[in-house]
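Engineer: Give me the fold of what follows.
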Amino acid sequence: MALDFEWSFQVPAFVFAILGWIASFVALLTPAWQVVYVRELQHSLVFIGAIAVSLILHTGASIVFMFFSQLVEYRFYHVSVSGIYEKHRGYSVYTEFFAIFLFFMSLIFAVVHLIQSHRRGYASTPTKSADSFVGVGPYRHVESYYPRPGSSSSQLDPFENRFAMRELPPLPNGRR
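Structural biologist: Next up, the predicted model:
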């Protein structure tokens, strides 16, 4: 029993290509849910770089495809059989150009976001503070020990900022 050579290797190649594409997509998305704030700029640059590489590859592949598809048409014109193999651009070309446009817009938005967050000088992710607990019961000292980002009391010395070492809040009055 001989295996059909084309079928036996084409299907696994397609499956492995799809699995590789999914794995690379997940790898590009991991900075979205595994952000280490020390490396937030690095994640943003990797994300922008991945978008730029994808944009360049899509644009290059589209230009090469259009160039090579025109070569065949010119060959038929030289042997004077034009009209028999007449070519028309289908919707797939316009879909690919739309995808290139979307990649370009994604790259522009990502770069603008990176520039804006860099100009602000702090992390662009929203942080939740315990404003409702400030000055209430045993939580009245929360603001002094856990300051809001950007406030003057949140400026720690570099050693504490690097290792997040802070002193513990004082014990409640009944525990002293």
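Engineer: Just checking, which helix or strand succeeds the one helix or strand residue 12 maps to along the chain?
Structural biologist: Secondary-structure assignment from DSSP states H and E places residue 12 in helix 5-33. Later in the chain than helix 5-33, the nearest helix or strand by DSSP H and E is helix 40-78.
Engineer: tell me the domain ranges of this structure?
Structural biologist: Domain assignment of the chain by automatic domain parsing yields the ranges 31-119, 133-175.
Engineer: Return the member of these having the minimum mean pLDDT.
Structural biologist: Ranked by mean pLDDT, these bottom out at domain 133-175, which scores a mean of 58.
Engineer: which residues touch stretch 101-111?
Structural biologist: Outside stretch 101-111, the residues within contact range by Cβ atoms under 8 Å, 6 or more residues apart in numbering are 44, 47, 48, 51, 52, 54, 55, 58. Yep, even glycine has a C-beta here, placed from its N, CA and C like the rest.
Engineer: Tell me how many other residues crowd the third one.
Structural biologist: Residue 48 has 17 neighbouring residues, counting by other Cβ atoms under 10 Å.
Engineer: Quick check: residue 66 vs residue 101, distance?
Structural biologist: Between residue 66 and residue 101 the computed distance is 16 Å (Cβ to Cβ, to the nearest Å).
Engineer: From residue 49, how far out is residue 19?
Structural biologist: Applying Cβ to Cβ to residue 19 and residue 49 gives a distance of 23 Å.
Engineer: and if you look at residue 116?
Structural biologist: 18 Å.
Engineer: before we move on, the earlier item: buried ones only from the contacts of stretch 101-111, please, as a PyMOL command.
Structural biologist: Restricted to buried positions by 16 or more other Cβ atoms under 10 Å, the PyMOL selection for the contacts of stretch 101-111 reads:
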select buried, resi 44+47+48+51+52+54+55+58
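Engineer: Nearest to residue 15, out of the contacts of stretch 101-111: which one, please.
Structural biologist: Closest approach between the contacts of stretch 101-111 and residue 15, by Cβ to Cβ: residue 54, at 22.2 Å.
Engineer: tell me the contacts of the closest one?
Structural biologist: residue 103.
Engineer: where does residue 169 land in three-state SS?
Structural biologist: The three-state label given to residue 169 by DSSP: H, G, I helix; E, B strand; the rest coil is coil.
Engineer: Tell me which residues of the helix or strand where residue 112 lies come out buried.
Structural biologist: Assigned by DSSP H and E, residue 112 belongs to helix 91-120. Neighbour counts using 16+ other Cβ under 10 Å place 96, 100, 103, 106, 107, 110, 114, 117 of helix 91-120 among the buried residues.
Engineer: All good on my end, thank you.
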